[in-house]
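Undergrad: okay, structure incoming, though there's no sequence with it:
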């Protein structure tokens, strides 16, 4: 076990991670036991450490973890051992040590990962899957049905389950011909090509016979089912291609976005989606000096295909939501139901965790995809060869969602290098330069994204991001696990100062020809958009009211008469929780409102209580949406009615 000083040094370097957790340690509470459960269960983590008697000090220039000590280490050890022995379906035996630092006692707890045969551990009074936890990044997440696939060797996965209300009439015969054609190109002597159509589907796990009658499995419905059958049995499972003009959602209600809703057999759907997106992409050719053959420039076609294959093959078909592909002017975002079964830190490494093994096998046998876990690595390599930014990914366990982003412009192009030359005094590394361009294009960057851009571990990524922050090139936002960075003072210098500063050779400005910070805001008309594990963290240094932003006291006077009457009634009698929630939705229908504005209008003194009792449930129910869904901790975050 590492020493306490080493653990605290790690905390101050990289904050809490998948392998280390800090707690105040006044008592052995539920959160500590959830972390122990998660460390015991998480596959491949090899356990983790908890340190009690340490707190994160936020109200300092550079927030850091400091030793505060525990008052009764003997009692804490006894309570911990007792709860570990009796709270779970089987006893857990963590290693516990007391260490003194600067005269204060801390408690170090190392929880080893259990053998696969003993997983999952769960709170015995809650059962499975609710009572089991996994360690996802620095958080403890309740297990879902998909998670249980990691612990049990299920013979029946979701895609192999029978769809009883199906028959042979629900088959698209063209899909069978498409499969036979693709399979023959890979192996013209494959024995299944000699099977009848029914025998073929049964051999692929796409059909089963019950009482002599054929019925499709979910794999069969998705790979070979007709569009009519899919609409009837899985109405929300489709692919939506949304085209947005510019780099953010357009506020003009007459020109917001266009969308193409697609469904059909997966191999056919894949080709249709690829063609629709490829037709929209900017195209061009480059003839290098001394060469006779021109090179195609732009997003490599294979990268787009791999991204689409991953989305269709690995998405959760349990979730009744569409896969959304949002095409901005400068990027493509693919938002998929179903978190990654593979930890984010391991994306791109060999080995594949399959949520839909029968669908994956069909994609593999037809050469539409590989099953060795090298798809993401291939995408990164192809994007690098094309001089473009590597794809970035975000997996949200609690929201059951996976997002992939592809920037469409060439990374560190001649224009980018000219812009970066303004900051040459800072002696930036190549990866820091990429981070600044990424933050300029997307509007923000966090540690996970920097790791994907650079290939660094969490500690190295944190150090390089902090260096950019110290030079005021990036600005720190959020706290703890919700930390992210936005363009800082030097990147956000007003365009009006640019010409004067550039004339004097100042490198500390952003050229006026470059776009301002791009943070997309999603319109009401699009559902199932990205969300985050974390609600916005209130900035303790509230910015002053802008000239175009009314003071809080003026908001109530600006309300329509009917809303003013409702607020007046709320002051005279007690509203139920449901009535109060309805009022909040009406307020956010009137105009997007920040948390502090809603609290002021309702006369609530506790924003935290308002957030957890009303705002978060309304957002999860789909009645409220973020105005900045890509960055929940954005300082200007507000809520609008769906």
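TA: Good, I have the coordinates. As the structure is a computational prediction, the values presented were derived from the model and not from experiment.
Undergrad: for residue 272, which non-adjacent residue is closest in space?
TA: residue 262 (5.8 Å; C-beta to C-beta, 6 or more residues apart in numbering). Using the backbone N, CA and C atoms, a C-beta is placed for each residue, glycine as well.
Undergrad: isn't residue 262 up against residue 273?
TA: Yes: Residue 262 is within contact range of residue 273, at 6.1 Å (criterion: C-beta atoms under 8 Å).
Undergrad: higher neighbour count, those two?
TA: residue 273 (23 against 18; other C-beta atoms under 10 Å).
Undergrad: shouldn't the more buried one be within a helix?
TA: Yes: under DSSP: H, G, I helix; E, B strand; the rest coil, residue 273 sits within a helix.
Undergrad: contact partners for it?
TA: Residue 273 makes contact with 239, 241, 262, 308, 325, according to C-beta atoms under 8 Å, 6 or more residues apart in numbering.
Undergrad: what's the domain layout of the protein?
TA: 4-151, 158-233, 239-285+297-407, 414-492, 552-641 (automatic domain parsing).
Undergrad: from the chain's centre, how far out does the helix or strand containing residue 463 sit?
TA: Using DSSP states H and E, residue 463 sits in helix 458-470. Distance of helix 458-470 from the chain centroid (C-alpha atoms, centre = their mean, to the nearest Å) equals 21 Å.
Undergrad: what does stretch 393-405 give?
TA: 3 Å.
Undergrad: can you list contacts of it?
TA: With C-beta under 8 Å, 6+ apart as the test, stretch 393-405 has contacts from 134, 136, 139, 141, 144, 307, 310-311, 314-316, 319, 331-340, 344, 347, 376, 391-392, 442, 448-449, 452, 530-533.
Undergrad: out of those residues, which sit inside strands?
TA: 134, 136, 139, 141, 331, 332, 333, 334, 335, 336, 337, 392 (DSSP state E).
Undergrad: tell me the contacts of the last one?
TA: The contact partners of residue 392, taken as C-beta under 8 Å, 6+ apart, are 404, 405, 438, 449, 452, 453.
Undergrad: again with the fourth one
TA: Residues in contact with residue 141 (C-beta under 8 Å, 6+ apart) are 38, 133, 134, 135, 397, 398.
Undergrad: residues touching the fourth one, list them.
TA: Counting by C-beta under 8 Å, 6+ apart, residue 135 touches 18, 35, 38, 39, 41, 42, 45, 48, 141.
Undergrad: ok, 7 Å please
TA: 18, 38, 39, 42, 45, 48 (C-beta atoms under 7 Å, 6 or more residues apart in numbering).
Undergrad: distance-wise, check the third one relative to residue 447.
TA: Separation of residue 39 from residue 447 (C-beta to C-beta, to the nearest Å): 21 Å.
Undergrad: between those two, who's got more neighbours?
TA: residue 39 (31 against 21).
Undergrad: the helix or strand where that one lies: what's the following helix or strand?
TA: Here residue 39, judged by DSSP H and E, is contained in helix 30-41. Using DSSP H and E, the next helix or strand after helix 30-41 towards the C-terminus is strand 48-52.
Undergrad: next SSE downstream of that next one?
TA: Defined by DSSP H and E, the subsequent element after strand 48-52 is strand 54-57.
Undergrad: return the set of buried residues in the helix or strand following that next one.
TA: Toward the C-terminus, strand 54-57 is succeeded by strand 64-67 as the next helix or strand (DSSP H and E). Within strand 64-67, the residues scored as buried using 16 or more other C-beta atoms under 10 Å are 65, 67.
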